[in-house]
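Participant: quick one, what's the 3D model for this:
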Amino acid sequence: MTNQLSINSAKRIESISIIDIYDAVNAGISNSDRKENIISKQNNIYDKAQEESLVNASSALNSAAAKLEGLYEKIIVKHSEEIANLSIEIARKILAHKIETNDYEIESIVKEVLNNTPSHQDIIVHLNPQDYEQCKKVQAKNSNTTLAGIKLVADSNVGRAECIVKSSKGIVGALIDEQLEKISEALKKIR
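Facilitator: Just a heads-up that it's a prediction; the model follows:
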């Protein structure tokens with residue numbers, strides 16, 4: 001089938017020419033300007049596509065970050081008690097190792113407890129027999145130490161790296177299990 005075009009006109013047609021639409025739009029524009037227009041349009045299309053792609057990627061990343069944050073919070077809340085208990089057990093193991101290898105200063109422990117004692121009169125410090133020997137040596141070597149003038153007592157009921165201070169105002173102790181229990185309770189309250 002052939003395409004036919006019929007035109008009826010009251011005036012006489014002197015000539016006919018077929019113009020390509022592209023040529024009509026770009027009439028009067030040089031070839032180099034046409035190329036620049038085409039390149040510019042292609043660049044605009046590319047820039048818009050790239051911008052849209054970046055917006056989509058940014059949106060996907062923000063969504064993933066929000067989901068990860070929610071999952072993190074859910075896991076931490078769900079397992080916070082186990083994390084606290086594990087932390088205490090790790091601390092207990094580290095302390096046990098330090099005590100086993102004599103990697104602690106009993107004088108510092110006693111000094112800390114003495115600083116928390118309400119009265120500094122008639123003080124008696126109960127120590128593990130091994131720690132007692134160490135404190136006696138320090139007390140004998142230096143009369144200006146914190147231990148000067150304090151009665152030391154060897155007590156097999158007191159663990160190594162622990163002490164109990166008795167004074168006229170009461171008893172203050174540095175017992176590892178009690179201190180770890182206080183830390184555990186504090187960690188549980190943080191939830």
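Participant: name the SS class of the spatially most central residue of the chain, please.
Facilitator: Centroid-nearest residue in the chain: residue 72, 10.6 Å away (criterion: C-alpha atoms, centre = their mean). Three-state assignment for residue 72 (DSSP: H, G, I helix; E, B strand; the rest coil): helix.
Participant: and the pLDDT at it?
Facilitator: As predicted, residue 72 sits at a pLDDT of 86.
Participant: likewise for residue 27?
Facilitator: So, for residue 27, pLDDT stands at 58.
Participant: past the host helix or strand of residue 109, which element shows up next along the chain?
Facilitator: Per DSSP states H and E, residue 109 falls inside helix 106-115. The helix or strand immediately downstream of helix 106-115 is strand 124-127, counting by DSSP H and E.
Participant: next SSE downstream of that following strand?
Facilitator: Per DSSP H and E, the first helix or strand lying C-terminal to strand 124-127 is helix 129-141.
Participant: what is the mean pLDDT for that following helix?
Facilitator: The average pLDDT within helix 129-141 is 91.
Participant: how about the helices in this structure?
Facilitator: 21-25, 31-100, 106-115, 129-141, 176-190 (DSSP state H).
Participant: wait, what's in contact with residue 114?
Facilitator: The contact partners of residue 114, by C-beta atoms under 8 Å, 6 or more residues apart in numbering, come to 120, 123, 125, 146, 150, 165. No exception for glycine: its C-beta is placed from N, CA and C like everyone else's.
Participant: let's go with 7 Å and repeat that
Facilitator: Listed by C-beta atoms under 7 Å, 6 or more residues apart in numbering, the contact set of residue 114 reads 146, 165.
Participant: distance of it from residue 95?
Facilitator: As judged by C-beta to C-beta, to the nearest Å, residue 114 and residue 95 stand 21 Å apart.
Participant: what of residue 170?
Facilitator: Noted for residue 170: a distance of 26 Å to residue 95, by C-beta to C-beta.
Participant: which residue of the two possesses the greater neighbour count?
Facilitator: residue 95 (16 against 10; other C-beta atoms under 10 Å).
Participant: for the more buried one, which non-adjacent residue is spatially closest?
Facilitator: Spatially, and ignoring its direct neighbours in sequence, residue 95 is nearest to residue 176 (5.9 Å; C-beta to C-beta, 6 or more residues apart in numbering).
Participant: count the neighbours of that neighbour for me.
Facilitator: Residues lying near residue 176 (other C-beta under 10 Å) number 17.
Participant: OK, contacts around it?
Facilitator: By C-beta under 7 Å, 6+ apart, residue 176 lies in contact with 95, 159, 161-162.
Participant: what would those residues look like in a markdown table with pLDDT and distance to residue 8?
Facilitator: Listed next are those as a markdown table, based on pLDDT from 0 to 100; distance: C-beta to C-beta, whole Å:
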| residue | pLDDT | distance to residue 8 |
| --- | --- | --- |
| 95 | 93 | 108 |
| 159 | 94 | 118 |
| 161 | 94 | 115 |
| 162 | 94 | 117 |
